[in-house]
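Undergrad: Using only what follows, build the 3D model:
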Amino acid sequence: SRSFGGTSRKVVMVANRNGFFYVLDRRTGEVILGKPFTGTTWAREIGKDGRPIIVNDGSKGCLPDMWGGTNFNPPTYDPALRLFFVSARESCAKYEPQEPVIAPGRTSFGGVVRIDRNNASGALRAIDATTGDRKWEFTYPSPTMAGVMSTAAGLVFAGDNEGNFMAFESRTGKNLWRYSTGTPIWGAAAITYLLDGRQFVLIPSGTTLLAFALP
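TA: The predicted structure is shown next:
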């Protein structure tokens, strides 16, 4: 339940592949908020019908690549801070149609995607869930598909495509700790559990499960 304009509403929050962060009334589906959380230029605002207002058709400017501004990798939410944390992908792509070549045993495509890999990056972003404003971010050298986990103690755990597993201060984004796993952290978010009175944090990386705990 979130407060919008002084009214408390039960909502659904989602960071979409199209580069927009949405807050929806979970009973009616009404779009309460829609705001970009990436630098995509194909659209920068939401119209009265709840749909993005298209600025260009994709032949100019920037659209998210086929993986999107984010993907299936889980975001997380801190209800005390009212912050939504997500791994954002900044990867500019242009989509060009082409005549597919149909041949037995061959994959056919109706177009090509041209990605500007020299300017691609990623970031862990903290978004104010009531306004859509960015409160802080931690940038990664390349787009990441890692999930995010937040804790009641004020920590956020996230990873990057270079294999770094990291802990951040939820309120400020200060990087408190990192560990190099040696393999890109892909898709999954960390989990935490209590065993024999000791708190563990678990993260998959490649084909390995890594567990961490305080001494």
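Undergrad: I'd like to know how many residues surround Cys92.
TA: Counted with other Cβ atoms under 10 Å, residues neighbouring Cys92 total 20. C-beta here means a position set from N, CA and C on the backbone, and glycine is covered the same way.
Undergrad: helices and strands of the chain: which one has the lowest mean pLDDT?
TA: Of all helical and strand segments in the chain, the minimum by mean pLDDT, DSSP states H and E falls on strand 2-4, at a mean of 61.
Undergrad: next SSE after it?
TA: Heading C-terminal from strand 2-4, the first helix or strand you meet, by DSSP states H and E, is strand 7-9.
Undergrad: Contact partners for the closest residue to Arg17 other than its chain neighbours?
TA: Distances taken as Cβ to Cβ, 6 or more residues apart in numbering place Gly68 nearest to Arg17, at 2.8 Å, with adjacent residues excluded. Contact partners of Gly68, counting by Cβ atoms under 8 Å, 6 or more residues apart in numbering, are 16-19, 89.
Undergrad: Read off the pLDDT value for Gly68.
TA: Among the per-residue scores, Gly68 shows a pLDDT of 94.
Undergrad: before we move on, back to that, closest to Pro143 among the contacts of Gly68?
TA: Taking Cβ to Cβ as the measure, Pro143 lies nearest Arg89 of the contacts of Gly68, at 4.0 Å.
Undergrad: what's the neighbour count on Arg171?
TA: With other Cβ under 10 Å as criterion, Arg171 counts 15.
Undergrad: should've said Trp186
TA: When neighbours are defined as other Cβ under 10 Å, Trp186 has 16 of them.
Undergrad: could you redo the contacts of Gly68 as JSON lines and give each row secondary structure and distance to Tyr179?
TA: Below are those laid out as JSON lines (DSSP: H, G, I helix; E, B strand; the rest coil; distance: Cβ to Cβ, whole Å):
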{"residue": "Asn16", "secondary structure": "coil", "distance to Tyr179": "31"}
{"residue": "Arg17", "secondary structure": "coil", "distance to Tyr179": "29"}
{"residue": "Asn18", "secondary structure": "coil", "distance to Tyr179": "33"}
{"residue": "Gly19", "secondary structure": "coil", "distance to Tyr179": "30"}
{"residue": "Arg89", "secondary structure": "strand", "distance to Tyr179": "22"}
